[in-house]
Structures are given as C-alpha cells and as structure tokens.
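Asker: Curious how this folds, go ahead:
(one chain, ligands or ions: 1)
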Amino acid sequence: VNEIVVSCSAGEYPIRFGELGDAFLPEPENAFVVTDRHVDSAWGHAMPSHAPRLVLEPGEASKSLKVFGDVHDWLLSLGADRKSTILAVGGGVIGDLAGFVAATYMRGVRCVQVPTTLLAQVDSSVGGKVAIDIPDGKNVVGAFAPPSEVWISCETLTTLPERQFINGMAEVIKYGLIADPTLDAHLSSHTWSANEPDLPSIVRRCVDLKRDVVERDEFDLNGLRATLNFGHTVGHALEAALRYEGLLHGEAIAIGMIVETRVAERIGFAHAGLAHEVAERIRRVGLPTTHELLSQPDTLIPLMRKDKKSEGGSIAMSLIAKIGECKLIPSVPDSDVVAALTGL
Ligand code: GLY
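Answerer: A predicted model of the protein is given here:
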C-alpha cells in the first residue's frame with residue numbers, strides 16, 4: 001500500500017496516496033464534509049454523496065472564531081455525535097479550521113484530512129497542528145490534534161490556479177533547503193507543474209521529511225520542528241503587515257527564505273553567496289524574490305518579535321548553514337535583520 005505512517009503521542013496515523021474518489025471508500029457512515037466553494041465546484045462530484053456537506057467561503061477569513069462556532073452549530077443541528085468523522089476537504093484554511101473543530105466538537109471526533117492544494121499536501125495537513133485566527137494574530141487559538149488519516153491525491157492539483165500551485169512550490173523548495181540536498185538538486189532539474197509525472201514522488205518525499213521532523217518534535221519543543229519555519233519569521237511578518245491580503249503564504253515565505261539567508265550570511269552562520277543560490281531557486285519557479293515592504297523595517301521588526309519562536313523579545317529565526325542543514329537561532333541581532341531586509 002502506498003502509505004506513510006506517522007507515529008505520535010496519540011498512537012499513529014496513515015498518510016495515504018491515491019485517487020480522490022478512493023479517499024471516501026467505503027463511503028463513511030456518520031461523516032460530515034467541510035470544504036470550500038472552489039473545491040466543491042471542482043471536486044464535489046467525487047465527495048461522498050450521502051454525507052452532509054458544509055461549503056465555506058474560500059480564504060483566510062473563514063479561519064475565524066465566528067466560523068469555528070458556526071461549524072459546531074451545523075454539526076450539532078445535524079445530529080453529529082462522538083462517533084462522527086469530519087472530512088476536511090480543501091487547502092490549509094479548511095484543514096486548520098475543520099481539524100480544530102474536530103479537536104473540540106464534543107471534546108474530539110475523528111478527522112480525515114483530504115488536502116487539495118500543494119501547500120496543504122506537503123505541509124499543513126501533516127503533523128497535527130490545527131488552529132484559527134483572531135484579529136491580531138494568525139493561528140493564535142489552536143491545538144495539536146493529529147488527524148485520524150490523511151489522504152493525498154495529486155489529481156486535485158490539476159484544478160489549482162497556477163498562482164496557487166507555485167505558492168505550494170515555496171514549501172517544496174523549503175524542504176530541499178532545510179533537509180535534503182538530493183531533493184534540492186532534483187527540483188532544479190525539472191520545470192514543475194501539476195501535470196509533471198514526477199510530482200507525486202516529490203510530494204511523497206516532502207511528506208516523509210515532515211514525518212521525520214514531527215515524529216522527533218511533535219510539540220515543537222526542541223527546535224527541530226522549528227526548522228520547518230525557515231523563511232517564516234520574515235514571511236509571517238510580511239503577511240501580517242499586509243493583513244493577509246496581497247501575498248500568499250508561500251510567496252511571503254519565499255521572500256522570507258532569501259532575507260533570512262542574508263541574515264545567516266551576515267552573522268557568519270552561512271557562507272557568502274548562499275542567499276543568492278536560494279533566490280535563484282525561488283525565481284526559477286516563478287515566486288517573488290522581494291517586496292516593497294522590506295524597505296520598512298520599522299513595520300516588520302515589531303511583528304517579528306511577536307513570532308511564536310521568539311522568547312524574551314529577541315528575534316528568532318530558523319536559518320540554513322548550507323543547503324540541507326537548518327537550525328533554530330533563538331536570538332539574531334536586530335541590526336543584521338535590518339541590514340538583510342534592506343539589502344545593505
Ligand atoms: N508548518 C509547520 C509545522 O507544522 O510545524
């Protein structure tokens with residue numbers, strides 16, 4: 001069977017790879033589908049026909065306390081009980097929201113994650129982090145709640161808008177940079193699209209790399225899981241400064257990976273020229289390499305201090321020393337961050 005099994009404190013769960021329709025076979029009883037309008041119009045025909053389906057608005061705004069409550073109301077009104085299963089069919093927003101609902105509805109029900117974007121397949125659907133946003137902070141309310149199963153179907157990537165596909169490539173590139181020089185070299189040897197025959201094996205490799213990290217640091221405590229956050233200190237600050245409009249998550253962390261590698265060079269953690277190598281990889285897949293907000297460190301620095309990796313008010317970053325090697329640096333000097341942002 002084409003599957004990867006993830007061990008976690010609650011036991012283990014499989015990540016299976018196959019056709020989308022097979023994800024729902026045998027058609028589960030007592031299941032409730034949570035999805036969004038885009039995924040429903042492209043793939044609704046493959047979803048279980050008998051299961052009640054809640055179709056939400058696409059976009060980060062659905063990860064709110066209000067929608068979180070609405071999903072609970074919907075489940076209760078339809079008689080969902082403790083034996084029910086939530087099928088979260090969609091990208092990171094649906095996975096995070098429905099996964100968190102599953103963690104709390106009647107103190108927890110089963111959740112099958114069916115990620116339909118590249119970003120959700122290689123990152124957010126694996127590892128059990130689920131959350132919603134509050135107005136001043138992304139993912140501030142959440143839990144570690146492993147799914148009961150993850151089903152990955154690369155055919156769903158064929159209906160993604162190109163920008164969304166490229167967005168997910170940022171996280172794919174990240175895995176090569178933080179943990180796998182072979183993957184990194186392989187990525188540079190192809191032009192990637194949803195129809196590239198080698199894509200499923202790339203997705204599988206990324207998932208396996210994430211499995212290894214989350215098995216060794218499930219609760220993000222020893223710095224290893226934080227390496228998945230390479231590019232994210234700057235990326236999250238950009239997203240927050242733009243109020244989650246304008247840059248997609250992958251686009252923001254692509255820029256973040258370049259800036260953070262400039263920081264790594266400046267503090268002598270990485271060799272000179274590594275940021276240029278990172279930028280080449282980002283540019284090659286069509287991701288942005290810069291943003292006008294980088295010239296406003298006064299806006300970005302305070303946001304970086306609010307990062308979940310930060311302790312005692314210093315700026316923390318997960319930095320690469322070379323391709324395939326990443327480490328959490330708990331405190332980087334503000335002056336180096338300012339210089340890296342502004343390209344000095
Ligand atoms: N997306 C980062 C993590 O799962 O830890």
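Asker: make it CA atoms for all contacts and neighbour counts henceforth
Answerer: Noted.
Asker: Buried residues, stretch 250-267. List them.
Answerer: Neighbour counts over stretch 250-267 (16 or more other CA atoms under 10 Å) mark 250-266 as buried.
Asker: what about it and the ligand, touching?
Answerer: No. If you take CA under 6 Å from any ligand atom as the test, stretch 250-267 misses the ligand, and the best it gets is 11.4 Å.
Asker: Just the mean pLDDT for that stretch, thanks.
Answerer: The pLDDT scores in stretch 250-267 average 98.
Asker: again, but for stretch 230-241
Answerer: 96.
Asker: And the contacts of that stretch?
Answerer: Contacts with stretch 230-241, where a contact means CA atoms under 8 Å, 6 or more residues apart in numbering, come from 137, 174, 178, 245, 247-249, 252-260, 293, 299-301, 303-304, 307, 316-320, 326.
Asker: pLDDT-wise, which helix or strand of the protein ranks last?
Answerer: strand 137-144 (a mean of 92; mean pLDDT, DSSP states H and E).
Asker: Around residue 130, count how many other residues there are.
Answerer: Neighbour count of residue 130, defined by other CA atoms under 10 Å: 28.
Asker: helix, strand or coil for it?
Answerer: strand (DSSP: H, G, I helix; E, B strand; the rest coil).
Asker: Contacts only, for residue 224.
Answerer: 213, 216-217, 327-328.
Asker: now do residue 243
Answerer: Counting by CA under 8 Å, 6+ apart, residue 243 has no contacts.
Asker: Now the phi/psi pair for it, please.
Answerer: phi 50, psi 40 (degrees, to the nearest 10).
Asker: Kindly report the same for residue 110.
Answerer: phi -70, psi 150.
Asker: give me the number of residues near it?
Answerer: Applying other CA under 10 Å, I find that residue 110 has 21 neighbouring residues.
Asker: mind checking the backbone torsions on the closest residue to it other than its chain neighbours?
Answerer: Spatial nearest neighbour of residue 110, chain neighbours left out: residue 85 (4.7 Å); criterion: CA to CA, 6 or more residues apart in numbering. Phi and psi for residue 85, reported as degrees, to the nearest 10, are phi -120, psi 130.
Asker: Isn't residue 85 up against residue 34?
Answerer: No. Taking contacts as CA atoms under 8 Å, residue 85 lies outside contact range of residue 34: 10.6 Å.
Asker: what does this structure have sitting close to the ligand?
Answerer: For the chain, the residues in contact with the ligand (CA under 6 Å from any ligand atom) are 123-124, 127, 129, 225, 228.
Asker: how many other residues sit next to residue 298?
Answerer: Neighbours of residue 298 using other CA under 10 Å come to 11.
Asker: For it, list the residues it contacts.
Answerer: Here residue 298 is in contact with no residues (criterion: CA under 8 Å, 6+ apart).
Asker: Which helix or which strand is home to it?
Answerer: In this assignment (DSSP states H and E), residue 298 forms part of helix 297-305.
Asker: repeat for residue 113
Answerer: Going by DSSP H and E, residue 113 is part of strand 110-115.
Asker: Show me where the protein has its helices.
Answerer: Here the chain has its helices, by DSSP state H, at 37-43, 65-77, 92-104, 118-119, 162-179, 181-188, 199-216, 232-241, 249-266, 274-284, 297-305, 334-342.
Asker: what's the last one packed up against?
Answerer: Judged by 3 or more CA pairs under 8 Å, 6 or more residues apart in numbering; DSSP states H and E, the packing partners of helix 334-342 are helix 249-266, helix 297-305.
Asker: and the first one, what other elements does it pack with?
Answerer: In this structure, helix 249-266 packs against helix 162-179, helix 232-241, helix 274-284, strand 315-322, helix 334-342, with contacts taken as 3+ CA pairs under 8 Å, 6+ apart.
Asker: In TSV, list the ones you listed along with mean neighbour count.
Answerer: TSV is the format used below for these (neighbours: other CA atoms under 10 Å):
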stretch	mean neighbour count
helix 162-179	23
helix 232-241	24
helix 274-284	17
strand 315-322	24
helix 334-342	18
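Asker: out of those, nearest to residue 209?
Answerer: Among those, the nearest to residue 209 by CA to CA is helix 162-179 (7.4 Å).
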